[in-house]
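> Model the structure of this input:
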Amino acid sequence: MQALQTATAFYARIKEAHSIPDTEDKTRHYKQILEILFRELTHKETRSFGNLFARMQFYFDRQSVPPDIHQQLTALRILTNKATRGMFPLQDAEHLLCIKALTESVAWCYQATPPAELTVLYAPTGSHKLSLAWQHRPGSLALLKCMVTTVGTLTTNTLGKYTLLLDVKNDEQGDFQLLLEHMDPVAVVSLHGLLRPYDTIHVLHCRQGASGHEYTTTSESQVVLEPDLLIDISDLAECFTHKGPNRLLYLVKKLTPQQSSPAAFKGNLVNALLDEMLRNREIDFKSSFVEAVAENVLQAAAYGREKINEMFRDIRQQHWGNLHNTVKELQDKPVRIEPTFFSAQYGLQGRLDLMAEDDTDEYRKEIFELKSGKCPDFNTWKNHEMQVVGYNLLLRSAFGRQRKGSSAILYSAATTNPLRNVSSTHHTENDLLLLRNDVVGMLLRLAGGEFEILSTITTAAALGLPSFSAAHFTTFEQAWQTDNSRIRENEASCQHRR
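Okay, here's the model as predicted:
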């Protein structure tokens, strides 16, 4: 009875989509119905899916879907996806075939006879069904997106380097194999532990192997797990210390209360002053400071007059001059304040403090990241460096490899060399992407109901972290152990009552 009601609701949606006069809107409705259909068909599954492709493939693997239904649904997903992106609008005949594909699929999934008013719509199509021909496999690819179907075993090649063979598939190449080799061994080992069937990956730079059905990575390759899941760069950067990254710190910061500090508030004031100075080079420090405080009056009230006056003196004496000199250096350049970028290529997002451009060179984009806290004697703190490395990836994704320009961190409290250059390398980019993949892997496990990772958040896991970060590990560990004890007590009580 429930299946019949669900099928009836889908038939009504399909009929509604057919009656829409605008072809673009009609196509969007086809795509929406397809997404809703597979969410409904897999709603009892505990695993998470990165996209519709992975969700559909999972269902096809679990059910004996007839080849013609499989073919129509796959073609429907690909064609509507391209059409809604403005690439290949659907033709009139294809619209009827989309109606036919959706109707026949619902009929098979729920074993419910479609209404005559629907079948009569696509009757003129006869025996024709929605289909799509596979494209060729190019010799090399700058970007390969595919879904993992099988994860092989970790092996070593003749040079003693780790390799990993994956069975994968996508819309363009169909089923093929991807050999991870010549990459950073740490990345290959990490991916072996992270990847599971139905995961989607981006592979930047790969070439066709000896056999036509295989692609292989190179020393320049980078692999991104579930690229549609955008992770904030500043959150990733905060996981880095001079001793390396701590992936658990990402979860701890999300799971424990983070209180605002006077230092953070002062940093917001310095940022506000820099933004205002860029807009108005003739600003007065005192009036601008008062305006910045007024915008956050409740938080300022919590610190009190004496603390605010202390911030006033500190910013005027240590920061103001460096801010003024930086603005002077930028006075002849177009500057974007806090531009935000999203990269579906690297699975990253972030908001820069400043991006300077050049009227004579459209590809010159320079990054300026403001840091108002304590600065190192030379170079930069590791977390600040990795933040800028991530921003460079964002600009590469947005403007291509033609993008030019330096990147620098402005330590506004520095007494010497406040503006410090940051160079991105393939190694530092890999470090950031490796951490990002680890974080995504943890989030996917948690979304699937696998909570074992939370038991690893302990005081011992915070070794090497600053004391204020380590305290959050201890707080979470105590709360997690207490909750687990209560759960076990409740389970024991329930079993006793039985």
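> Just grab the bridge partners of residue 419 for me.
residue 410 (DSSP bridges).
> I figured it hits residue 412, correct?
No - at 9.7 Å, residue 419 does not count as touching residue 412 under the criterion of C-beta atoms under 8 Å. Just so you know, the C-beta spots here come from the backbone N, C-alpha and C atoms, and that holds for glycine as well.
> the more surrounded of those two?
residue 412 (25 against 16; other C-beta atoms under 10 Å).
> Give me the nearest residue to the more buried one, chain neighbours excluded.
residue 319 (4.2 Å; C-beta to C-beta, 6 or more residues apart in numbering).
> low pLDDT regions in the chain?
1, 87, 133-139, 210-212, 486-498 (pLDDT under 70).
> In the stretch 351-498 of the chain, mark out all the helices, start to finish.
382-399, 426-447, 467-497 (DSSP state H, counting those that start in this stretch).
> do you know which of those lies nearest residue 106?
With C-beta to C-beta as the criterion, residue 106 lies closest to helix 426-447 of the helices of the stretch 351-498 of the chain, at 27.6 Å.
> Can you list the buried residues in the closest one?
428-445 (16 or more other C-beta atoms under 10 Å).
> Check stretch 311-324 too.
Neighbour counts over stretch 311-324 (16+ other C-beta under 10 Å) mark 311-312, 314-315, 318-320, 322-324 as buried.
> Now flag whichever of those is closest to residue 221.
residue 322 (40.3 Å).
> Hmm, residue 416 and that closest one touching each other?
No - using C-beta under 8 Å, residue 322 is not in contact with residue 416; the gap is 10.4 Å.
> hmm, back to that, identify those among the buried residues of stretch 311-324 that sit within helices.
311-312, 314, 320, 322-324 (DSSP state H).
> Distance to residue 456 added to those, as a markdown table?
Output for those, formatted as a markdown table (distance: C-beta to C-beta, whole Å):
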| residue | distance to residue 456 |
| --- | --- |
| 311 | 39 |
| 312 | 44 |
| 314 | 40 |
| 320 | 45 |
| 322 | 41 |
| 323 | 42 |
| 324 | 47 |
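> Pick the one among these closest to residue 43.
residue 311 (52.1 Å).
> that older thread, biggest separation within the buried residues of stretch 311-324, which pair?
Between any two of these (C-beta to C-beta), the greatest distance is 17.9 Å, for 311 and 324.
> what about residue 93, neighbour count?
Neighbours of residue 93 using other C-beta under 10 Å come to 12.
> no wait, residue 122
21.
> Grab the nearest non-local neighbour of it.
residue 100 (3.9 Å).
> Can you tell me the SS state at the one you found?
Secondary structure assignment for residue 100 (DSSP: H, G, I helix; E, B strand; the rest coil): helix.
> Surely it touches residue 129?
Yes - judged on C-beta under 8 Å, residue 100 makes contact with residue 129 at a distance of 7.0 Å.
> out of the two, which sits in the busier spot?
Neighbours were counted for residue 100 and for residue 129 using other C-beta under 10 Å; residue 100 has more, 23 against 16.
> and that one, what does it touch?
Neighbouring residues of residue 100 by C-beta atoms under 8 Å, 6 or more residues apart in numbering: 72, 122, 125, 129-130.
> I'd like to know how far it sits from residue 247.
48 Å (C-beta to C-beta, to the nearest Å).
> and what of residue 95?
In terms of C-beta to C-beta, residue 95 sits 48 Å off from residue 247.
> do residue 23 as well
Distance from residue 23 to residue 247, by C-beta to C-beta: 47 Å.
> Of those two, give the one with the bigger neighbour count.
residue 247 (19 against 14).
> Pop out the phi and psi values for residue 128.
phi -70, psi 140 (degrees, to the nearest 10).
> Can you tell me the number of residues neighbouring it?
Residue 128 has 12 nearby residues by other C-beta under 10 Å.
> That one is in contact with residue 101, isn't it?
No - the criterion here is C-beta under 8 Å, and residue 128 misses it with residue 101 at 10.9 Å.
> Doesn't residue 196 belong to a helix?
No - read with three-state DSSP, residue 196 is coil and lies in no helix.
> residues touching the closest residue to residue 275 other than its chain neighbours, list them.
Using C-beta to C-beta, 6+ apart and skipping the chain neighbours, the partner closest in space to residue 275 is residue 337 (5.3 Å). Going by C-beta under 8 Å, 6+ apart, residue 337 touches 275, 278-279, 353-354.
> Output those as JSON lines; include the columns distance to residue 394 and neighbour count.
Shown next, in JSON lines, are the contacts of residue 337 (distance: C-beta to C-beta, whole Å; neighbours: other C-beta atoms under 10 Å):
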{"residue": "275", "distance to residue 394": "20", "neighbour count": "18"}
{"residue": "278", "distance to residue 394": "21", "neighbour count": "18"}
{"residue": "279", "distance to residue 394": "24", "neighbour count": "10"}
{"residue": "353", "distance to residue 394": "13", "neighbour count": "18"}
{"residue": "354", "distance to residue 394": "14", "neighbour count": "23"}
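> Quick one: these as TSV, columns for distance to residue 347 too.
Listed next are those as TSV, based on distance: C-beta to C-beta, whole Å:
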residue	distance to residue 347
275	29
278	31
279	33
353	22
354	24
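> Looking at those, spot the one nearest residue 52.
residue 353 (36.2 Å).
> give me every residue that touches the closest residue to the closest one other than its chain neighbours.
Among residues not flanking residue 353 along the chain, residue 370 sits closest, at 4.7 Å (C-beta to C-beta, 6+ apart). For residue 370, the contacting residues are 270-271, 274, 353-354, 409-410, 412, by C-beta under 8 Å, 6+ apart.
> According to the record, where do the domains of the chain fall?
2-125, 140-225, 262-429 (automatic domain parsing).
> can you give me the strands for the stretch 151-300 of the chain?
162-170, 174-180, 200-208, 214-225, 231-232, 240-241, 244-245 (DSSP state E, counting those that start in this stretch).
> So which of these is nearest residue 466?
Here strand 240-241 is closest among the strands of the stretch 151-300 of the chain (C-beta to C-beta), at 7.8 Å.
> Which strands or helices does the closest one pack on?
helix 382-399 (3 or more C-beta pairs under 8 Å, 6 or more residues apart in numbering; DSSP states H and E).
> C-alpha coordinates for the helix it packs on, CSV please?
C-alpha atoms of helix 382-399 as CSV (Å, rounded to 0.1, in the frame of the first residue of the first chain):
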residue,chain,number,x,y,z
LYS,A,382,53.1,26.8,10.1
ASN,A,383,49.3,27.2,10.4
HIS,A,384,49.5,30.6,8.8
GLU,A,385,51.7,29.3,6.0
MET,A,386,49.2,26.4,5.3
GLN,A,387,46.3,28.8,5.2
VAL,A,388,48.0,30.8,2.4
VAL,A,389,48.9,27.5,0.6
GLY,A,390,45.2,26.7,0.6
TYR,A,391,44.3,30.1,-0.8
ASN,A,392,46.8,29.7,-3.6
LEU,A,393,44.9,26.5,-4.5
LEU,A,394,41.7,28.4,-4.6
LEU,A,395,43.1,31.0,-6.9
ARG,A,396,44.5,28.4,-9.2
SER,A,397,41.1,26.7,-9.3
ALA,A,398,39.4,30.0,-10.1
PHE,A,399,41.9,31.6,-12.5
